[in-house]
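Asks: 3D, please:
(chains A, B and C, ligands or ions: 1)
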Amino acid sequence: MVGRAVSARDLVLGRLRAALAGGAHTPVEVPRDYRHEGTLDLDQLVERLTDYRAHVHRVAEAAVADTIADILPAGGTVVVPPGLPPAWLPPTVTALSDDGLDNARIGAADAVVTGAAVAVAETGTVVLDGSPDQGRRVLSLLPDRHVCVLRADQVVATVPEALARLTPQRPLTWISGPSATSDIELIRVEGVHGPRKLHVILVP
Amino acid sequence: MNRPTFLGMPATAPPGVGHLRGDESFPAAARRSLADPQLRRNLRHATTTIRAKSAGVIAESPDWEQLRAAGAAIKADTLNRLPELLEQLEAKVIEAGGVVHWAADAVQANQIVTDLVRAAGADRVIKVKSMATQEIGLNEALHAAGVTAVETDLAELIVQLGDDRPSHILVPAIHRNRAEIREIFLREMPGVDPALTADPSALAAAARRYLRETFLSTPVAVSGANFAVAETGTLAVVESEGNGRMCLTLPRTLITLMGVEKVVPTWRDLEVFLQLLPRASTGERMNPYTSMWTGVTPGDGPQAFHLVLLDNGRGAVLADEVGRQALRCIRCSACLNVCPVYERAGGHAYGSVYPGPIGAVLSPQLTGVDDNASLPYASTLCGACYDACPVQINIPEVLVHLRAEAVDARRRPTAESIAMAAAAYTMDHPRLYEAAQRASRLSRVAGRRGRGLPPPLNGWTASRDLPDPPTETFREWWAAR
Amino acid sequence: MRIALFVTCLADTMFPQAATATVRLLERLGHEVVFPPDQTCCGQMHINTGYPSDAVPLVRRHVRVFDPYDVIVAPSGSCVGAVRHQHATVARRAGDASLTSRAESVAARTYELSELLVDVLGVTDVGAYFPHRVTYHPTCHSLRMLRVGDRPPTLLRAVRGLDLVELPAQEQCCGFGGTFAVKNAETSTAMLADKMRHVLSTGADVCTASDASCLLHIGGGLSRLRTGVRTVHLAEILASTEHEPAVRG
Ligand code: SF4
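Replies: Below you'll find the model as predicted:
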C-alpha cells in the first residue's frame, strides 16, 4: 500500500471491521425485564439521602426561606443561579446572583442554593441539569455547602424513570450525598473536593 | 468505503509503551506480595469490607439478575456493531461542538494528547482517574514532553506521591494503610501540615487543600469515560470525591480518552449500567457524583472538548470470538474483590494496569498471549469472578481458552506438553492406565508422603502431604467383588 | 434403577474409598450399579491446562463408554462439571459435530452424587449413621459450575449422630485448582492455610466435601500440620451405618 497514508480513523475502523468479519452475528436481543417503575415512596428518598449523610428538611414551600436561614449562618454569602425563586432566600444572607461570577468568588461563598431537575428515591440521588434555577455546574461545586430545594413532583422511584425525564444534551450532575472517598482502608470519609455538606429541602 | 484486508488485520498493543506488561511472571511477582504480611492484611481487610458492602446493596435489588442479563446483552450487541456505533458517536460529538480523534495504539494516543496540551499552551494538566490513560502510559509521555500530569483522585494521588504503582482498579492504593499514607503525605506533599494525623478524614482534608489551587489554575484536564452514548454523543464519568467534577467543569479544555469498547448504543442503556456499576463496584446504591456532558455547553464548563478513541489491541480482542467478552468489562472491580488469588497475591503481581481476574483475561489478549503468558494460569478457575461480574463475563471460560492459546503459541514441545501428551495417551489405553496405577502404588521413590519429589512437583509437597497410595484401586476392588 | 458409575481417575487411583462408598450407598438404596471398565479420565486436567486437543480422544472415549446408560453418577463435582460444561466445547473446537451432540447428550444424563440422590432418586435421608462433628466445604465446581446448592448439607443433616458445623468463609476456594497448585504453589498454599484455619476454627473432627481432589488438597495440608482432623468424602459419610462405619485414618 505504497503511497497511500491511511488515517488513524480508517485504520481503527478497518481493524474493527476485520475483527468482526467472518463470524456470523445473530443480532443480540436485549432482555429488558428488569424493573422500569417502582412505587414512589418519599420516605425512602429521605431515608436513603440520610443514609449517605445528606441533611433532609421536609417543609412547606413557604417555609423554605426560614429553613435556609436556620441552615446558614446569618450574614453569610450565598451563590444563587439566576433563575432561583427569590422567595426561597432569607433576608439574613447575602445573595450573589450568578452573572458570570469568577471561580474565586464562588469558592469563597458559604453556600450555594439551587433547585433540582429530578430525584431518585431508591438511590437517594438528586440530579441537576443546568436549568435557570440550577445554573452552571461550577456553582454547586466550589462552595462548601450545597442547599438543594426539591419539589415532591420531581421525585421518581427508579433510575430508569429518572433517565426518561432527563434531556441528554444538557450537562447533568447526579448527586448522591456529599462528596466522599473510601480510598483509605475503605473507610468512608465525607467531603473531599466537592461540597462537604449537602442539604436537601423537600417541599410538597 | 473501508477495505478491511487492505487496512490490515487487528493488531495487539505495541510493546515498549504503556503498562500492559510486567517485568516478571505472575508466580515470581506474587511471591513478593505473599511474603509481605502488612500487604496481606491490608488486602484482606479491604476486599472483605467491600464484598460485604456490595452484597448488601445487591440484595436490595430484586431485579439484579435481570439487570446483569441486560447489561451483558447490551455490551454483546455493542461489540457486534462496534464500528457503526463509533461512527455514530463521532458524528454526535462533532454535532455538539466536540472534536474526535482516533488512536490506533498507545503511541498515537499519547501523541494526540500531548499535541492538544501543547496547543492549549499548558505545561500542567489535571487528571481524573482513568484506566485507559494508565494503560498507554500517558503521564510518562506528558512528562517527557515537559508537561506535569497531576492525579487528582485521592488514591491515585497517594500512588503518584509515593512513586508507586496502582494495585486495584477502583481503590488503587488498596495496598496502603493509613499510617503508610500519612508518611507519604508528610514526605511528598508540598505545604503539608507537619502535625498531620493518620485519621482518614484528616488525610482527605490534606488532599483537598493541596489540590484546590491546582484545580482552579490548570487550564487543561484529561479524563477517561465510563460510558459514551452513540445515540446522543453523551459522555459519562462516575466518581465519588468530586475531583472528577472539578476536572470536567473548571478547565478551559477537556480531553477525554476512552477505549473504543466504552460506547453504548442508546441513552436508555445507561439505566442498566447506572444501577449495575455502583452496586458491583463501591457497594453503594449510587456513587456520590456522576457527570454527563454532550460536546460543549456554551457558558458552562470547558469550551473546548476533545474525545480520543483508543484501539491499542482492542481490535485483536474483538477478533477472538471467545475472548471478546472481556471487552464488555465496565471496570467495576467486583471480580478482584471476590478473587481468592487477588486477595493473596495483590494487584502488582499481575504486572499490567489491569489486575485481578479481568486483568488475567484482558492483558494477555491486548498484548498477545506470548507477552503475558503466565496470567491465564493465575487462577484456580473457582468461578467466583463470573458470579460477581455485573456483565456476566465468563472469566474462567476465557482463561481456559487463553491457556490453550498460550500452549499453541509455544513453538517447541516442553516438558509439560510431552507429559500431557503422554498422560492423554495412557488414559486412552486402559491397559497402560492400569499399569500406571500399579506403578504409582509401587513408587516409593518420592519418599515418605511425597516429600522428596523433584521440581515442579515439590511445589505441592512443600506444604502438603501426598497421601500414601491406597493398597487397592477402585477397579481392583470392583473386579474382586 | 440401573446407574453407571463414572469413578473418575483420581478416585479410582488415589481415593477409591469415595467410589466404593458410592457403590455401597446406591446398592443399599436398592439400585443396580454398573462399572463400565473401559472408562479412564474425563480429560479435565488437559482441558484446564491448555491441551484441549489432547483431551479429544479422552472425550471420545468417555462418550463412547457412557452413551449406553440412562443415568450416570460420579462422586466428583469437578469431573461432572467438566463433562457438563467442557466436553461439548472440546468436541466443537475439534470440529466434530456428531461428537458434540453426543457429548451434550451424555452430559445431560450425568449427575454428581448429591444431585442424583436428591433430584433423581428423591431421597434426602439415606439412612446413614456417622457420629462425628463434621464441617462441609462446598467445592468451587460443585458450588458454582453445578450449583448443587444445599443438597449436600441437606443430606448431611439427615445423617444420624452427625453434628454439622458451618465452615466460615466456606465459599472461598481451597487453592487446589489442578495444576494451579503446582504452577502457583505459593499462592495456593496461602489459600490452603486460610481454608485450614477456618476448618480448625469449627472444632470439627471431620471435614467433608464432594470432590476427591479438594479433599486430597485440604487433607494433605491438615496431615502436614498433624491437626488430627480427617478428610472424608461425602459418599463415605452417606454410606456409613452402625454396621458398616466409614473407617479411615
Ligand atoms: S470483568 Fe466484570 S467484575 Fe471484573 S471489573 Fe469487569 S465488569 Fe467488573
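Asks: Count the neighbours of residue B:201 for me.
Replies: By other Cβ atoms under 10 Å in any protein chain shown, 16 other residues sit near residue B:201. C-beta here means a position set from N, CA and C on the backbone, and glycine is covered the same way.
Asks: Just the pLDDT at the nearest residue to it once chain neighbours are set aside, thanks.
Replies: In this structure, residue B:201 finds its nearest non-sequential neighbour in residue A:189, 4.6 Å apart by Cβ to Cβ, 6 or more residues apart in numbering or on different chains. Residue A:189 carries a pLDDT value of 85.
Asks: Quickly list the domain ranges of chain C.
Replies: C:2-120, C:133-239 (automatic domain parsing).
Asks: Sketch out the low-pLDDT regions of the stretch 1-150 of chain B for me.
Replies: B:1-8 (pLDDT under 70).
Asks: Quick one: name the residues of it near chain C.
Replies: B:26-27, B:30-31, B:34, B:40 (Cβ under 8 Å from any Cβ of the partner chain).
Asks: What is the nearest of the residues you listed to residue A:169?
Replies: residue B:26 (46.0 Å; Cβ to Cβ).
Asks: Test my guess that the closest one contacts residue B:378.
Replies: Yes. Counting by Cβ atoms under 8 Å, residue B:26 touches residue B:378, with 4.4 Å between them.
Asks: quick revisit: list just the nearest of the residues of the stretch 1-150 of chain B next to chain C to the ligand.
Replies: Closest approach to the ligand among these (Cβ to the nearest ligand atom): residue B:26, at 17.4 Å.
Asks: list the contacts for the closest one?
Replies: B:345, B:349-351, B:374-375, B:377-378, C:184 (Cβ atoms under 8 Å, 6 or more residues apart in numbering or on different chains).
Asks: May I see those residues arranged in a markdown table, with neighbour count and pLDDT as well?
Replies: A markdown table is the format used below for these (neighbours: other Cβ atoms under 10 Å in any protein chain shown; pLDDT from 0 to 100):
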| residue | neighbour count | pLDDT |
| --- | --- | --- |
| B:345 | 30 | 94 |
| B:349 | 30 | 94 |
| B:350 | 29 | 95 |
| B:351 | 26 | 93 |
| B:374 | 22 | 94 |
| B:375 | 30 | 96 |
| B:377 | 25 | 96 |
| B:378 | 29 | 96 |
| C:184 | 29 | 94 |
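Asks: when you check those against the helices, which ones overlap?
Replies: Those of those mapping onto helices are residue B:345, per DSSP state H.
Asks: Just the element for residue 105, please.
Replies: No chain specified, so I'll use chain A. helix A:103-108 (DSSP states H and E).
Asks: try chain C instead
Replies: helix C:97-108.
Asks: same deal with residue C:195?
Replies: Here residue C:195 is assigned to helix C:185-201, by DSSP H and E.
Asks: Can you pull out the residues in contact with that helix?
Replies: Contacts for helix C:185-201 (Cβ under 8 Å, 6+ apart): B:27, B:30-31, B:34, B:40, B:340-341, B:344-345, B:378, B:380, B:456, B:459-460, B:462-464, C:135, C:137, C:167-170, C:172-177, C:180-181, C:207, C:217-218, C:221-222, C:225, C:227, C:229.
Asks: Now that residue B:283 has come up, it's in contact with residue B:59, right?
Replies: No. Applying Cβ under 8 Å, one finds residue B:283 not in contact with residue B:59, separated by 11.0 Å.
Asks: out of these two, which sits in the busier spot?
Replies: Between residue B:283 and residue B:59, residue B:283 has the larger neighbour count (other Cβ under 10 Å), namely 21 against 10.
Asks: Give me the distance between that one and residue C:101.
Replies: Distance, residue B:283 to residue C:101, using Cβ to Cβ, to the nearest Å: 44 Å.
Asks: same deal with residue B:197?
Replies: 68 Å.
Asks: now residue B:268
Replies: Applying Cβ to Cβ to residue B:268 and residue C:101 gives a distance of 39 Å.
Asks: what do you get for residue A:95?
Replies: Distance of residue A:95 to residue C:101, given as Cβ to Cβ: 76 Å.
Asks: Okay, and the beta partners of residue A:77?
Replies: residue A:94 (DSSP bridges).
Asks: Leaving out the residues flanking it, which one is nearest to the residue of chain C found nearest chain A?
Replies: Closest to chain A within chain C is residue C:92: 14.5 Å, counting by Cβ to the nearest Cβ. Excluding its sequence neighbours, the residue lying closest to residue C:92 (Cβ to Cβ, 6+ apart) is residue C:100, at 4.9 Å.
Asks: And for residue A:152?
Replies: Residue A:152's closest residue in space is residue A:204 (Cβ to Cβ, 6+ apart), at 5.1 Å.
Asks: Could you pull up phi and psi at the residue most central in space within chain C?
Replies: Taking Cα atoms, centre = their mean, the centroid of chain C lies closest to residue C:76, which sits 1.9 Å from it. Dihedral pair for residue C:76: phi -160, psi 120, per degrees, to the nearest 10.
Asks: returning to what we had before: so between residue B:268 and residue C:101, which is more surrounded?
Replies: Set side by side, residue B:268 and residue C:101 show more neighbours around residue B:268, with 17 against 14, by other Cβ under 10 Å.
Asks: And the pLDDT for the more buried one?
Replies: pLDDT for residue B:268: 97.
Asks: residues in contact with it?
Replies: A:160, A:163-164.
Asks: likewise residue C:132?
Replies: By Cβ under 8 Å, 6+ apart, the residues touching residue C:132 are C:161-163, C:204-206.
Asks: Now tabulate these in TSV and tack on pLDDT and secondary structure.
Replies: Formatted as TSV, the contacts of residue C:132 follow (pLDDT from 0 to 100; DSSP: H, G, I helix; E, B strand; the rest coil):
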residue	pLDDT	secondary structure
C:161	96	coil
C:162	97	coil
C:163	97	strand
C:204	96	coil
C:205	95	coil
C:206	96	strand
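Asks: and of those residues, the nearest to residue C:236?
Replies: Distance to residue C:236, by Cβ to Cβ, is smallest for residue C:206 among the contacts of residue C:132, at 9.5 Å.
Asks: any idea how far chain B is from the closest one?
Replies: Shown here: residue C:206 relative to chain B, a distance of 16 Å by Cβ to the nearest Cβ, to the nearest Å.
Asks: Test my guess that that residue contacts residue C:229.
Replies: Yes. Using Cβ under 8 Å, residue C:206 is in contact with residue C:229, at 7.0 Å.
Asks: pLDDT value on the nearest residue to residue B:176 once chain neighbours are set aside, please?
Replies: Using Cβ to Cβ, 6+ apart and skipping the chain neighbours, the partner closest in space to residue B:176 is residue B:158 (6.2 Å). For residue B:158, the model assigns a pLDDT of 90.
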